[in-house]
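> with the input below, show me the fold.
(one chain, ligands or ions: 1)
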Amino acid sequence: MSAPVDTLTAAAAEIASARKDMLRIATAGSVDDGKSTLIGRLLYDSKAVFEDQYEAISRASRGDHVDLSLLTDGLRAEREQGITIDVAYRYFTTPRRTFVLADTPGHVQYTRNMVTGASTADLAIVLVDARKGMLEQSRRHAFLAALLRVPHLVVAVNKMDLVDWSEGVFTAIRDEATTFAARLGVPDITVVPISALAGDNVVTASQNMPWYDGPSLLHHLEQVEVVGDANVADARFPVQYVIRPQSDAHRDYRGYAGTVASGVLRVGDAVQVLPSGRTTTIAGIDGPAGPVEVAFPPMAVTVRLTDDVDVSRGDLVCHLDDAPAVTQELEAVVCWMADEPLRGRRKLVLKHTTRSVRAVVTSVHHRLDVNTLDHDVEAGELGLNDIGRVTLKAMQPLFVDDYARNRVTGRFILVDEATNATVGAGML
Ligand SMILES: Nc1nc2c(ncn2[C@@H]2O[C@H](COP(=O)(O)OP(=O)(O)OP(=O)(O)O)[C@@H](O)[C@H]2O)c(=O)[nH]1
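Predicted coordinates for the structure are as follows:
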């Protein structure tokens, strides 16, 4: 039985109050587009930086402007190499919201980090250098954001000071970005002209671009609506651990711990456990601070069931009438991240929610050209950072939804059997 509508509304309201204050952002830009400077500017102008830190970087900066990229680059080991490698998470808060910012590097070979950083993001900021316009990299970043179904896209056209704050330059880039985003099916795009170095339109409105009447970047980040993006309809609870205390006092306790992937679970709900299909009822839900009546994403809880059904790690608890597809054959868009190409008959380990199964790629249908969005059906393989459509056969059943409907149960990663390295990410 699904949760009744009033429960969904209540859950949406609870998610709203829990989430209204938080926005997860992924940033992407090519090398030197000014990502570090932009993040530094956001931190500084939103007062997330202490004055003494600012004085230290003022002293270290050369030229007219304080080099805010020192704030974000300061801790990076890549300083010597001059490149950014891993995804770094930063937090900052304004009176309106808390922001979790995944800083993903721009180099083409690091697509993998972008995939990691953006897969849970509410919003992606793609930085573009006003002098260069939409490059292949910018398109690639926008494409990945769309592929990962990041619901909101911002294209920040940076270094407007270097094009004399030209409205014409901005309009041309905005039109190109908007057209490309429309082809990708991006539901929401905002294009903002900024100067991260001088601070124009980052937090406060620019005096230099009176022709722009949209919001500043931070203002947009503070007001963008994300509550409606959550899937509150389909209850999906992948079991991570079975909890069965050994002590005599708790000998009868058996609970199933995990994170609610989507939807709403409520005490008393009739549920089924996949793959067995056994039906039972939720006897209780334990949160970190004690029992709760309702659980919704992304709460980590322990669920107790009324019947003593056999449940193990990797099983899925869902309602009776909206179960996911149970399948061993998967057709997916895969982003390949290993040096040696992906070809048919390749054996891999597929990790989907809390389940790991062996799988084999049965065919590579096409490779996608990120610039033209054309399908190359002749390719027959995917090289490093290629994206394409493949079919896989899993050795055990998986409980899946379309990625478009569910960003948690609709994605998986591919791991090399021998090295245990992540070699691919897939969207169903
Ligand atoms: N004139 C001007 N220069 C800028 C602006 N934003 C950044 N820069 C400069 O551009 C250069 C690159 O900026 P970064 O912030 O380090 O670039 P990045 O994209 O973080 O580079 P990686 O860390 O290598 O990915 C620096 O010299 C900045 O001072 C801007 O709005 N105007």
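
> what's next to stretch 335-348, contact-wise?
111-112, 115, 144, 147, 334, 358-364, 380-388, 390, 392, 414-417, 421-426 (Cβ atoms under 8 Å, 6 or more residues apart in numbering). From N, CA and C alone the C-beta is placed, and that goes for glycine too.

> buried ones among the residues you listed?
111-112, 115, 144, 147, 334, 359, 361, 364, 381-382, 384-388, 390, 392, 414-416, 422-426 (16 or more other Cβ atoms under 10 Å).

> which of those come close to the ligand?
When Cβ under 6 Å from any ligand atom is applied, no member of the buried ones among the contacts of stretch 335-348 is adjacent to the ligand.

> tell me how this structure divides into domains.
Annotated domains of the chain cover 18-229, 237-319, 325-427 [automatic domain parsing].

> rank these by mean pLDDT and give me the bottom one.
Out of the domains of the chain, domain 18-229 stands lowest, with a mean of 80 (criterion: mean pLDDT).

> can you map out the helices along the stretch 101-250 of the chain?
Ranges of helices in the stretch 101-250 of the chain, per DSSP state H, counting those that start in this stretch, are 111-118, 136-147, 167-184, 217-223.

> distance from the last one to the middle of the chain?
For helix 217-223, the distance from its own C-alpha centre to the chain's C-alpha centre is 19 Å (Cα atoms, centre = their mean, to the nearest Å).

> swap in the second one?
When C-alpha coordinates are averaged (Cα atoms, centre = their mean), helix 136-147 and its chain have centres 14 Å apart.

> next, the angle helix 167-184 makes with that helix.
Put simply, helix 136-147 runs at 40 degrees to helix 167-184, going by axes from the mean of the first three to the mean of the last three Cα atoms, to 10 degrees.

> tell me the helices and strands packed up against helix 136-147.
strand 22-29, helix 111-118, strand 123-129, strand 152-158, helix 167-184, strand 325-336 (3 or more Cβ pairs under 8 Å, 6 or more residues apart in numbering; DSSP states H and E).

> out of those, flag the one nearest Val203.
strand 152-158 (12.7 Å; Cβ to Cβ).

> and that closest one, which residues are buried?
His152, Leu153, Val154, Val155, Ala156, Val157, Asn158.

> what distance separates that strand from the middle of the whole chain?
Centre to centre, stretch against its chain (Cα atoms, centre = their mean), the figure for strand 152-158 is 16 Å.

> direction included, what does that strand pair against?
strand 123-129 (parallel), strand 189-193 (parallel) (DSSP bridges).

> what angle separates that strand from strand 22-29?
Using the same axes, to 10 degrees: strand 152-158 against strand 22-29 is 50 degrees.

> what residues does strand 152-158 touch?
With Cβ under 8 Å, 6+ apart, strand 152-158 has contacts from 29, 33-34, 38, 122-130, 138, 142, 145-146, 170, 173-174, 177, 181, 186-196, 217, 220-221, 224, 226.

> that one and the ligand, any residue contact?
Yes: contact between strand 152-158 and the ligand, assessed by Cβ under 6 Å from any ligand atom, occurs at Asn158.

> residues making contact with stretch 408-422?
112, 119, 236, 238, 261-262, 297, 324, 330, 332, 334, 337-338, 347-353, 356, 358-359, 398-404, 423-428.

> which members of these occur in strands, if any?
Under the assignment DSSP state E, the contacts of stretch 408-422 contribute 238, 330, 332, 334, 347-352, 356, 358-359, 398-400, 423-427 to strands.

> Throw the strands paired with strand 152-158 into TSV and include mean neighbour count and distance to Leu316, thanks.
Listed next are the strands paired with strand 152-158 as TSV, based on neighbours: other Cβ atoms under 10 Å; distance: least, Cβ to Cβ, whole Å:
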stretch	mean neighbour count	distance to Leu316
strand 123-129	26	29
strand 189-193	23	34
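
> out of those strands, the one nearest Ser276 is which?
Using Cβ to Cβ, the strands paired with strand 152-158 put strand 123-129 closest to Ser276, at 39.1 Å.

> put the alpha carbons of that closest one into PDB.
Extracted in PDB, the C-alpha atoms of strand 123-129 (Å, rounded to 0.1, in the frame of the first residue of the first chain):
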ATOM      1  CA  LEU A 123      22.300  22.700  -9.000                       C
ATOM      2  CA  ALA A 124      25.400  22.800 -11.300                       C
ATOM      3  CA  ILE A 125      27.400  25.900 -12.000                       C
ATOM      4  CA  VAL A 126      29.300  25.800 -15.300                       C
ATOM      5  CA  LEU A 127      31.800  28.500 -15.500                       C
ATOM      6  CA  VAL A 128      32.600  30.000 -18.900                       C
ATOM      7  CA  ASP A 129      35.400  32.500 -19.800                       C
END
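
> which residue is it, in the stretch 251-400 of the chain, that comes closest to the ligand?
The minimum distance from the stretch 251-400 of the chain to the ligand, using Cβ to the nearest ligand atom, falls at Asn385 (17.1 Å).

> quick one: that residue and Gln137, what's the gap?
For Asn385, the distance to Gln137 equals 11 Å [Cβ to Cβ, to the nearest Å].

> picking up where we left off before, among the helices of the stretch 101-250 of the chain, which comes closest to Val309?
Across the helices of the stretch 101-250 of the chain, closest to Val309 is helix 111-118 (Cβ to Cβ), at 35.0 Å.

> show me the contacts for Ile282.
Leu265, Arg266, Val267, Gly268, Asp269, Val271, Val303, Arg304, Leu305, Thr306.

> helix, strand, or coil at it?
Secondary structure for Ile282, judged by DSSP: H, G, I helix; E, B strand; the rest coil, is strand.

> before we move on, back to that, what's the closest of the helices of the stretch 101-250 of the chain to Thr280?
helix 111-118 (35.9 Å).

> return the most buried member of the helices of the stretch 101-250 of the chain.
Stretch with highest mean neighbour count among the helices of the stretch 101-250 of the chain: helix 111-118 (a mean of 24; mean count of other Cβ atoms under 10 Å).

> who's in contact with the strand or helix carrying Val271?
Val271 belongs to strand 270-274 when assigned by DSSP states H and E. The set of residues external to strand 270-274 that reach it, using Cβ under 8 Å, 6+ apart, is 1, 235, 265, 278-282, 305, 309, 311, 315-320, 323-324, 326, 397, 399.
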